Each structure stands twice: as structure tokens, then as C-alpha cells.
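>>> no sequence on this one, just coordinates:
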């Protein structure tokens with residue numbers, strides 16, 4: 001779906017295939033543990049077989065996560081889209097959903113050591129409790145190959161685009177990221 005004045009959409013790039021080298025380490029360690037269990041461990045061989053199974057499981061989980069991300073990004077299933085009336089997203093590790101702009105209360109980028117992303121606080125009309133919080137993370141994988149986007153921080157780009165969209169329409173104006181004291185900053 002192309003970007004039009006009414007719709008802005010960004011797709012994600014797949015995770016780097018070089019991650020597979022890090023995923024291969026648990027498999028290599030598991031193979032070494034099997035060799036050690038058979039040839040060197042003697043009566044404690046069963047313990048090394050268990051450690052080998054643990055290492056192989058960790059490698060398999062990492063590979064499955066990478067494969068799922070690769071498949072989703074190759075088919076354009078990971079995206080952030082700003083429509084006329086709502087924000088739609090589908091991001092590996094975050095989930096998928098749709099938030100009408102009327103629900104949004106604050107949007108700000110977060111840049112800390114433990115978390116980088118865009119925090120979106122929103123309140124559903126049927127609830128009177130504290131606003132819910134959604135953190136869009138892993139945005140460094142956004143495909144920003146267009147002219148002028150080479151040195152743009154994707155977290156700031158998405159936060160500013162959402163704020164601009166809320167200021168254009170009849171939606172509540174969001175406070176700027178510098179004026180709000182965010183609990184995660």
C-alpha cells in the first residue's frame with residue numbers, strides 16, 4: 001500500500017542473517033557436549049546429554065524466532081500504518097492491533113539502555129482507569145530507504161508522525177515529548 005496524504009505506512013526489514021552465526025553457537029556447544037558425554041564423561045555422561053539438549057533447545061528457539069521474523073517481513077506482514085482514523089500495527093514481539101486516534105493520550109520516544117521504542121498511552125472509552133500503555137519496539141528494522149531518511153531515528157520519526165496526525169484532525173492534541181515527564185525516560 002503506497003503512502004498517500006491520507007495513509008502513511010512503513011514496513012520492516014528482516015532480521016540480519018548474521019544472527020544465524022550466534023544461533024549456531026548453542027548447536028555447536030550441544031554437539032561438543034554429546035561428544036564429551038560419549039568419549040570422556042563416563043558415568044556422568046547423562047548430565048552432559050541433558051546440557052546438550054538444553055543448548056540445542058536454546059538454539060532451536062532462536063532459529064524459530066529468526067525464521068518467523070524473516071517470513072513475516074518478506075511477505076510485508078510487519079508494518080506500522082497511519083490511516084485517516086487510526087493507527088494499525090503488526091510487529092514481531094509486540095503483537096498486532098488498531099488504535100483510534102481518539103483513544104491516544106500521549107506519544108513519546110524512549111531512548112534508554114534497556115528499552116528503545118515509542119510509548120503510546122491510550123484510554124479506551126469504556127474504561128475509567130489509568131491509561132493503557134503500548135510500547136512499539138524493534139523500530140530500528142523499519143525500512144527507511146527513501147531519500148532524506150538515511151540518518152533519521154525511526155523512533156522519533158514514528159512518534160512525530162503520530163503526533164502530527166493527531167494535531168491535524170479533531171483528535172486530542174498530544175503533549176510534546178519534551179514537555180511530558182515520561183516514567184520510562
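Nice, thanks for sending it over. These figures come from a predicted structure and were not determined experimentally. Numbers count the residues shown, from 1 in each chain.

>>> please make it C-alpha for all contacts and neighbour counts, starting now.
Fine.

>>> give me the mean pLDDT for the longest helix anywhere in the chain.
Taking DSSP state H as the criterion, the chain has its longest helix at helix 45-74. For helix 45-74, mean pLDDT is 87.

>>> which residues of this structure fall in strands?
Applying DSSP state E to the chain gives strands spanning 8-11, 79-82, 86-91, 95-100, 104-111, 116-122, 132-137.

>>> could you dump the ones you listed to TSV with mean pLDDT?
Shown next, in TSV, are those (pLDDT from 0 to 100):
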stretch	mean pLDDT
strand 8-11	84
strand 79-82	89
strand 86-91	88
strand 95-100	88
strand 104-111	86
strand 116-122	86
strand 132-137	84
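
>>> out of the ones you listed, which comes closest to residue 20?
With distances scored as Cα to Cα, the stretch of the strands of the chain nearest to residue 20 is strand 86-91 (20.5 Å).

>>> list of residues touching that closest one?
77-82, 95-101, 136, 162 (Cα atoms under 8 Å, 6 or more residues apart in numbering).

>>> if we can go back for a sec, and the longest helix of the chain, which residues are buried?
45, 48-49, 51-53, 55-56, 58-60, 62-63, 66, 69-70, 72-73 (16 or more other Cα atoms under 10 Å).

>>> how about stretch 125-138?
For stretch 125-138, using 16+ other Cα under 10 Å, the buried residues are 131, 135, 136, 137, 138.

>>> need the residues you listed in TSV (columns: distance to residue 34).
Converted to TSV, those look like this (distance: Cα to Cα, whole Å):
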residue	distance to residue 34
131	51
135	41
136	41
137	38
138	36
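
>>> from those, which single one is nearest residue 31?
Once Cα to Cα is applied, the member of the buried residues of stretch 125-138 that ends up nearest residue 31 is residue 138, at 32.1 Å.

>>> residue 14 versus the closest one, what's the distance?
11 Å (Cα to Cα, to the nearest Å).

>>> repeat that for residue 156.
Distance of residue 156 to residue 14, computed by Cα to Cα: 21 Å.
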